[in-house]
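Undergrad: structural data only, the sequence is not supplied:
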Ligand code: NAD
């Protein structure tokens with residue numbers, strides 16, 4: 001099969017972890033005789049330096065004409081000035097919007113062999129296997145007005161939280177369809193008691209939920225959800241939330257898995273088919289950022305990027321065996337005790353980013 005893939009490494013540890021995902025992808029290509037057509041594009045701070053924009057038109061075209069996009073991370077202190085006219089993060093926000101990627105799927109699984117890497121008690125983590133479905137192209141990140149100004153009362157700023165019925169219905173459908181293939185439970189997270197959008201969110205969750213009688217729907221206020229995630233995480237199956245809440249809750253959920261370097265994600269334009277999600281030019285990325293504190297040290301954990309690539313094989317290409325082999329390779333390498341620095345809790349040897357990539361890539365060949 002021919003796989004047309006755009007790779008956008010971005011900034012900081014983005015290129016470091018994406019190089020390892022590409023290494024493992026090459027092993028999959030060789031093993032299963034797929035023809036990989038990979039093209040790289042600029043985005044973020046790297047692109048600002050070279051092109052003066054966080055998302056050049058060439059990158060948009062490349063993504064639109066590819067079957068899937070694998071993305072690293074953007075951002076860093078170099079581009080962080082409060083007065084900056086263009087920011088690296090503008091690039092990823094714009095490409096999500098341009099490709100219509102409204103559904104961000106974030107699986108959170110506590111691997112048995114990593115249970116001791118989490119600061120939480122191990123008995124709380126047994127059985128943790130959930131998916132966070134984050135609305136990605138609406139809410140506070142995109143709604144207008146969004147601006148800064150100054151008047152006689154000093155500096156002012158405004159962001160807007162707006163959702164339409166259509167935006168909520170389509171993300172709810174993704175969540176309910178996913179739940180049908182899992183443990184048939186959806187937890188819809190909102191701020192019903194304070195926000196108008198929260199009340200609309202809950203109303204529509206109930207309406208869509210009524211079309212899925214097999215799925216148990218529960219509502220949870222976001223503050224309670226933040227607490228339940230560390231108190232009783234195994235209780236969740238599918239969590240669906242608006243953009244900002246989903247961003248924050250999934251970073252919190254990363255702690256359950258032992259590290260930010262473990263959580264992959266898929267951003268889909270969401271058409272749901274019989275057995276899988278099919279959508280044009282979906283984008284796959286680790287949930288972590290550019291981690292400037294560890295950039296260039298060769299110690300970033302590449303597993304989130306590698307698992308994002310596995311999600312790409314599954315959702316964009318329907319290559320279920322290939323995706324499962326990558327996931328099993330990660331699981332086995334962890335089971336055998338190999339760790340990057342972020343996961344080490346004892347005196348086990350620490351693997352560099354690139355050696356972890358080698359181990360997983362070799363394991364794919366063996367499985
Ligand atoms: P971050 O996710 O980059 O880092 C948070 C912490 O997790 C850091 O201690 C970091 O070292 C650690 N970490 C992250 N990825 C890791 C990995 N693969 N292996 C081991 N440890 C890892 O979040 P931050 O520090 O808040 O943000 C840094 C920059 O990244 C900012 O400029 C921010 O805007 C940007 N950012 C980008 C994205 C994106 O591109 N999608 C997402 C979040 C943050």
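TA: Sure thing, it's come through. Remember, it's a predicted structure, so these values are computed and weren't measured experimentally.
Undergrad: only C-alpha atoms from now on, for both contacts and neighbour counts.
TA: Will do.
Undergrad: which positions in the protein make contact with the ligand?
TA: 73-76, 260-261, 288-294, 300-302, 342 (C-alpha under 6 Å from any ligand atom).
Undergrad: again, only using 5 Å
TA: Residues of the chain found near the ligand (C-alpha under 5 Å from any ligand atom) are 73-76, 261, 288-291, 300-301.
Undergrad: out of these, which are buried?
TA: By neighbour count, with 16 or more other C-alpha atoms under 10 Å, the residues of the chain next to the ligand hold 73-76, 261, 288-291, 300-301 as buried.
Undergrad: quick one: contacts for residue 327?
TA: If you count contacts by C-alpha atoms under 8 Å, 6 or more residues apart in numbering, residue 327 has them with 307, 310.
Undergrad: cool, and the one 10 residues further on?
TA: Residues in contact with residue 337 (C-alpha under 8 Å, 6+ apart) are 113, 348.
Undergrad: looking at the residues of the chain next to the ligand, which are in helices?
TA: Per DSSP state H, helices hold no members of the residues of the chain next to the ligand.
Undergrad: just the closest of those to residue 111, please.
TA: Nearest to residue 111 out of the residues of the chain next to the ligand is residue 261 (C-alpha to C-alpha; 13.3 Å).
Undergrad: hang on, the earlier thing: make JSON lines from the buried ones among the residues of the chain next to the ligand and add pLDDT to it.
TA: Shown next, in JSON lines, are these (pLDDT from 0 to 100):
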{"residue": "73", "pLDDT": "98"}
{"residue": "74", "pLDDT": "98"}
{"residue": "75", "pLDDT": "97"}
{"residue": "76", "pLDDT": "97"}
{"residue": "261", "pLDDT": "95"}
{"residue": "288", "pLDDT": "96"}
{"residue": "289", "pLDDT": "96"}
{"residue": "290", "pLDDT": "98"}
{"residue": "291", "pLDDT": "98"}
{"residue": "300", "pLDDT": "98"}
{"residue": "301", "pLDDT": "98"}
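Undergrad: pLDDT weak spots in the stretch 201-350 of the chain?
TA: For the stretch 201-350 of the chain, the stretches flagged by pLDDT under 70 are 271-280.
Undergrad: mind listing the helices for it?
TA: 222-231, 243-257, 303-315, 320-335 (DSSP state H, counting those that start in this stretch).
Undergrad: hey, which of those is tucked in deepest?
TA: Sort the helices of the stretch 201-350 of the chain by mean neighbour count, taking mean count of other C-alpha atoms under 10 Å, and helix 303-315 sits at the top with a mean of 27.
Undergrad: skipping adjacent residues, who's closest to whatever residue of the stretch 101-250 of the chain ends up closest to the ligand in space?
TA: Of all residues in the stretch 101-250 of the chain, residue 247 sits closest to the ligand, at 8.8 Å by C-alpha to the nearest ligand atom. Distances taken as C-alpha to C-alpha, 6 or more residues apart in numbering put residue 134 closest to residue 247, at 7.2 Å, once the chain neighbours are dropped.
Undergrad: if I pick that neighbour, what's in contact with it?
TA: Applying C-alpha under 8 Å, 6+ apart, the residues near residue 134 are 103-106, 171, 240-243, 246-247.
Undergrad: ok, 10 Å please
TA: Neighbouring residues of residue 134 by C-alpha atoms under 10 Å, 6 or more residues apart in numbering: 102-106, 171-172, 175, 239-247, 249-250, 267.
Undergrad: re earlier: how about the helices of the stretch 201-350 of the chain, which one is nearest residue 80?
TA: Once the helices of the stretch 201-350 of the chain are compared by C-alpha to C-alpha, helix 243-257 is nearest, at 19.9 Å.
Undergrad: show me how far that closest one is from its chain's centre.
TA: Between the centre of helix 243-257 and the centre of its chain there are 10 Å (C-alpha atoms, centre = their mean, to the nearest Å).
Undergrad: circling back to that earlier point, out of the residues of the chain next to the ligand, who's nearest residue 32?
TA: Among the residues of the chain next to the ligand, and counting by C-alpha to C-alpha, the member closest to residue 32 is residue 301, at 25.8 Å.
Undergrad: so what's the residue lying closest to the closest one once chain neighbours are set aside up against?
TA: Once flanking residues are discounted, residue 301 sits nearest to residue 261: 5.0 Å by C-alpha to C-alpha, 6+ apart. Going by C-alpha under 10 Å, 6+ apart, residue 261 touches 17, 254-255, 286-289, 291, 300-305, 340, 342-343.
Undergrad: strands of the stretch 51-200 of the chain, start to end?
TA: Ranges of strands in the stretch 51-200 of the chain, per DSSP state E, counting those that start in this stretch, are 68-73, 103-109, 129-135, 147-151, 154-158, 185-190.
Undergrad: now do the third one against strand 103-109, angle only.
TA: Between strand 129-135 and strand 103-109, the angle comes out at 160 degrees (axes from the mean of the first three to the mean of the last three C-alpha atoms, to 10 degrees).
Undergrad: can you tell me which of the buried ones among the residues of the chain next to the ligand lies nearest to residue 122?
TA: For those, the nearest to residue 122 is residue 261 (19.2 Å; C-alpha to C-alpha).
Undergrad: got the contact list for stretch 348-358?
TA: Taking C-alpha under 10 Å, 6+ apart as the rule, stretch 348-358 contacts 13, 16-24, 297-303, 306, 330, 333-334, 337-344, 359, 361-364.
Undergrad: change it to 8 Å
TA: 16-17, 20-21, 23-24, 298-302, 337-341, 344.
Undergrad: which phi and psi does the nearest residue to residue 257 once chain neighbours are set aside have?
TA: Of all residues not flanking residue 257 in the chain, residue 110 sits nearest, at 4.7 Å (C-alpha to C-alpha, 6+ apart). Per-residue torsions, residue 110: phi -90, psi 110 (degrees, to the nearest 10).
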